[in-house]
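> Generate a structure from the sequence data that follows.
(one chain, ligands or ions: 2)
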Amino acid sequence: MLHARRPPSVYSQDDPLNYVLRPPEAETEAERRARVEAEQEAKRVSDSIDEELRQDKRNYDRSKQDVRLLLLGQAESGKSTLQKQFQLMYNPDSLDNERASWRMVVYFNMARSVKRILDVLEAHGDVFEDDSADRSDVSSYEHSPVRRVTGELLGGRDGSPEQAGPSTGPSTQPSGYPALPGTPNTLSDSQKEIATLRLRLSPLVAAEATLGDRLSGGVRVSGSGRGGVYVRRGWQIRSGGRSGSALQQRGRKSLGTGSTQSDLTRTSISEEGTPGLPGPAEIVEDIGRLLDGSRDDVKTLWNSDIVRRMIKKRRLRLEEWSEFFLLAIDRVAAKDYVPSTDDILHARIQTMGVAEHTFDVPLHGKAVSWHLYDVGGARGQRHTWVPYFDEANAIIFVAPVSAFDQYLEEDPRTNRIDDSLQLFTQICANPLLKHIHLVLFLNKTDVLQAKLDSGLKVNKYITSFGERPNDFDTVVNYFRAHFLQVHRKNNERKRVLYTHLTSVVDIKATRSIIANVRDSIFRDYLKSAALV
Ligand SMILES: Nc1nc2c(ncn2[C@@H]2O[C@H](COP(=O)(O)OP(=O)(O)OP(=O)(O)O)[C@@H](O)[C@H]2O)c(=O)[nH]1
Ligand SMILES: [Mg+2]
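Ligands and ions are numbered 1, 2, ... in the order given. Sure, this is the predicted structure:
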């Protein structure tokens, strides 16, 4: 029997699958076209799945080559400011996208400064007592039954610190000053003026709490200092801006402490605002108007005789950013105010948990992804760092050398330089971090210079400094020597410690230091890549 020749077809009748898939024998032209289209669509989907899988593999291979850089250091050391400098250098568009949200932070900083001034004045009965006792050395803390247990590494004074921590509100500390003198009838003109300003500025003072709640999403963090406002992932959206492009905040299992980070990093539920309540843009506009209406009062308060004298005598101590913004009140209170890059660098908001920022950094014509982990530095935040240790390639440890006369907000018995040294000891000694590229930033050198210029004596706070000259070079070298000693004692692997004197609010100087750090990290990176 003659077998009919099979029609030429891609569908082999020997293959059962192809047999099933073969075109119907009596296919009309319209059916054929529909079938071909469906086959093409199926192929397109299949190809795109293949491409996704290939891309995942490429991403995985690439992420193994990513650089992971941890920014570590105590609270207020300048880690987030340094992160902003990286962002400015490698992803400036994302900083521009966030610019609007920084307006709320600047207003918050302004309201907080005014509140702080008024609180301190109130604790002194709105009077400047020009007595001979130098109260800058005899703070309320001395009257406290708690004795200071600091100075282990530096030989600090076991006496009483000056006012405990710059943002420690007098309302939370026994002031040690006389009770408010007199009744309203016996108030001096200056007291009356301050009382009037306090009344007129009360809406601005009240705005501090509103803005703080808004920025933190209502989250309170216990054990991390008093009255701190912490922000986590997505805060830019809550404050009227877009989130910086490659910013994430991740929850990971904690390795060392058994605790988890999820409470600290859980995404806020209502970041865009609650229906019926004012949105971030409205809040910012309202407070902008309030600030505009209060600017003369803020200036009068800032320039008042009592405030000037209390600052001079160090009975009123403000953070560096307070002065920066108070001096810029006209610009900040103006309608349509948009924060400048300098404003963003000076704006202060505490980091909660660990925030990851990703940038592409060029290396020999190819982009390498850098993941920057900006951590919260307060004591209550430090356990959240540990899960990031095992994957890190490099650390920048930021230590503010200006802080020799300050004490931890979260533990007013501990001198801040001592805390930095203790923390640096833990980092140098940690087995997970022994092989990691280590960079030390001795930061806030501009603030240190200003403090020394104003006549502040280091040996008043750190007895081991002794009778050395109280000049910038001697002081910086003294602190540097202590950090180097900590490193030397914990350096079995003979790793290099790269040290830089920095002021990370200075854009130009920080750019060149970042370039230097990048090159040294890449040198190690290429060396380890060559070994793989
Ligand atoms: N003048 C001056 N101010 C600085 C310098 N570095 C940081 N600051 C300011 O110090 C404040 C605190 O800096 P941050 O970068 O927020 O500190 P942080 O280490 O991230 O603090 P946490 O998030 O609480 O751990 C900000 O207002 C900065 O503008 C510096 O070198 N010089
Ligand atoms: Mg921070």
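> pretty sure Val368 contacts Thr358?
No: using Cβ atoms under 8 Å, Val368 is not in contact with Thr358; the gap is 11.0 Å. C-beta coordinates here come from the backbone N, C-alpha and C atoms, glycine included.
> Can you pull the residues of this protein lying near ligand 2?
Residues of the chain lying near ligand 2 by Cβ under 5 Å from the ion: Lys79, Ser80, Thr351.
> Show me which of these has the smallest pLDDT value.
Lowest pLDDT among the residues of the chain next to ligand 2: Thr351, with 93.
> Check the gap between that one and Trp385 for me.
For Thr351, the distance to Trp385 (Cβ to Cβ, to the nearest Å) stands at 11 Å.
> can you list residues touching both of these two?
Jointly contacting Thr351 and Trp385 under the rule Cβ atoms under 8 Å, 6 or more residues apart in numbering are Val375.
> residue ranges with poor pLDDT in the stretch 351-500 of the chain?
Scanning the stretch 351-500 of the chain for pLDDT under 70 picks out no residues.
> Which parts of it are strands?
354-363, 366-375, 394-400, 437-443, 497-501 (DSSP state E, counting those that start in this stretch).
> all helices for the stretch 251-400 of the chain, in order.
262-265, 280-303, 305-312, 320-326, 329-332, 341-346 (DSSP state H, counting those that start in this stretch).
> Serialize those to a markdown table and add fields for mean pLDDT and mean neighbour count.
Converted to a markdown table, these look like this (pLDDT from 0 to 100; neighbours: other Cβ atoms under 10 Å):
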| stretch | mean pLDDT | mean neighbour count |
| --- | --- | --- |
| helix 262-265 | 30 | 16 |
| helix 280-303 | 93 | 18 |
| helix 305-312 | 93 | 16 |
| helix 320-326 | 93 | 20 |
| helix 329-332 | 96 | 16 |
| helix 341-346 | 97 | 20 |
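> Same list (the strands of the stretch 351-500 of the chain) but as TSV, adding distance to ligand 1 and mean neighbour count.
As requested, the strands of the stretch 351-500 of the chain are arranged in TSV below (distance: least, Cβ to the nearest ligand atom, whole Å; neighbours: other Cβ atoms under 10 Å):
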stretch	distance to ligand 1	mean neighbour count
strand 354-363	9	19
strand 366-375	7	19
strand 394-400	6	25
strand 437-443	5	24
strand 497-501	10	17
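> what residue lies at the spatial centre of this structure?
Ser80 (3.1 Å; Cα atoms, centre = their mean).
> got a markdown table for the strands of the stretch 351-500 of the chain, with distance to Arg54 too?
Below are the strands of the stretch 351-500 of the chain laid out as a markdown table (distance: least, Cβ to Cβ, whole Å):
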| stretch | distance to Arg54 |
| --- | --- |
| strand 354-363 | 20 |
| strand 366-375 | 18 |
| strand 394-400 | 30 |
| strand 437-443 | 32 |
| strand 497-501 | 38 |
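> Ok, which of the ones you listed comes nearest Asp213?
When the strands of the stretch 351-500 of the chain are compared for distance to Asp213 using Cβ to Cβ, the nearest one is strand 354-363, at 20.0 Å.
> Figure out how far the closest one is from the centre of its chain.
Offset of strand 354-363 from its chain centre (Cα atoms, centre = their mean, to the nearest Å): 15 Å.
> Stretch 412-427 too?
That offset, for stretch 412-427, works out to 18 Å (Cα atoms, centre = their mean).
> That stretch: which residues count as buried?
Going by neighbour count (16 or more other Cβ atoms under 10 Å), the buried part of stretch 412-427 is 412-425, 427.
> Specify the angle between the helix of greatest length in the chain and strand 366-375 in degrees.
When the chain is parsed with DSSP state H, its longest helix is helix 29-64. Helix 29-64 and strand 366-375 are oriented at 60 degrees to each other (axes from the mean of the first three to the mean of the last three Cα atoms, to 10 degrees).
> Begin at 13, not 1, for the rest of this chat.
Shifting the count to begin at 13 puts that one at helix 41-76.
> so after helix 41-76, what's the next helix or strand?
Downstream of helix 41-76, the first helix or strand assigned by DSSP states H and E is strand 79-84.
> distance of Met101 from Ser89?
20 Å.
> In terms of neighbours, single out the busier of the two.
Using other Cβ atoms under 10 Å as the criterion, Met101 and Ser89 rank with Ser89 on top: 26 against 17.
> Can you tell me the closest non-neighbouring residue to that one?
Val410 (4.2 Å; Cβ to Cβ, 6 or more residues apart in numbering).
> OK, contacts around the one you found?
Counting by Cβ under 8 Å, 6+ apart, Val410 has contacts Leu83, Leu84, Gly85, Ser89, Gly90, Lys91, Leu94, Phe453, Asn455, Val516.
> Same check on Arg343?
Neighbours of Arg343 in contact, by Cβ under 8 Å, 6+ apart: Tyr349.
> ok, now how distant is it from Arg307?
Counting by Cβ to Cβ - Arg343 and Arg307 are separated by 10 Å.
> do the same with Ile206
18 Å.
> Could you do Arg360 as well?
Note on Arg360: its distance to Arg307, by Cβ to Cβ, is 20 Å.
> Determine the number of other residues adjacent to Arg56.
Residues near Arg56, counting by other Cβ under 10 Å, number 10.
> Give me the pLDDT for it.
90.
> what's the answer for the one 10 residues further on, then?
What the model reports for Arg66 is a pLDDT of 79.
> Contact partners for Met322?
Met322 neighbours (Cβ under 8 Å, 6+ apart): Val132, Leu133, His136, Phe140, Leu328.
> In helices only, show me the residues you listed.
With helices defined by DSSP H, the entries of the contacts of Met322 inside them are Val132, Leu133.
> Neighbour count and distance to Ile526 for the contacts of Met322 - can I get that in CSV?
CSV is the format used below for the contacts of Met322 (neighbours: other Cβ atoms under 10 Å; distance: Cβ to Cβ, whole Å):
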residue, neighbour count, distance to Ile526
Val132, 22, 37
Leu133, 25, 41
His136, 19, 43
Phe140, 20, 44
Leu328, 22, 35
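> of the contacts of Met322, closest to ligand 1?
Using Cβ to the nearest ligand atom, Leu328 is the member of those that sits closest to ligand 1, with 17.9 Å.
> Leaving out chain neighbours, which residue sits closest to the closest one?
Using Cβ to Cβ, 6+ apart, the closest residue to Leu328 is Met322 (3.9 Å).
> Contact partners for the residue lying closest to Val487 once chain neighbours are set aside?
Once flanking residues are discounted, Val487 sits nearest to Val470: 5.5 Å by Cβ to Cβ, 6+ apart. Residues near Val470 by Cβ under 8 Å, 6+ apart: Phe416, Leu464, Phe477, Arg480, Asn482, Val487, Tyr490.
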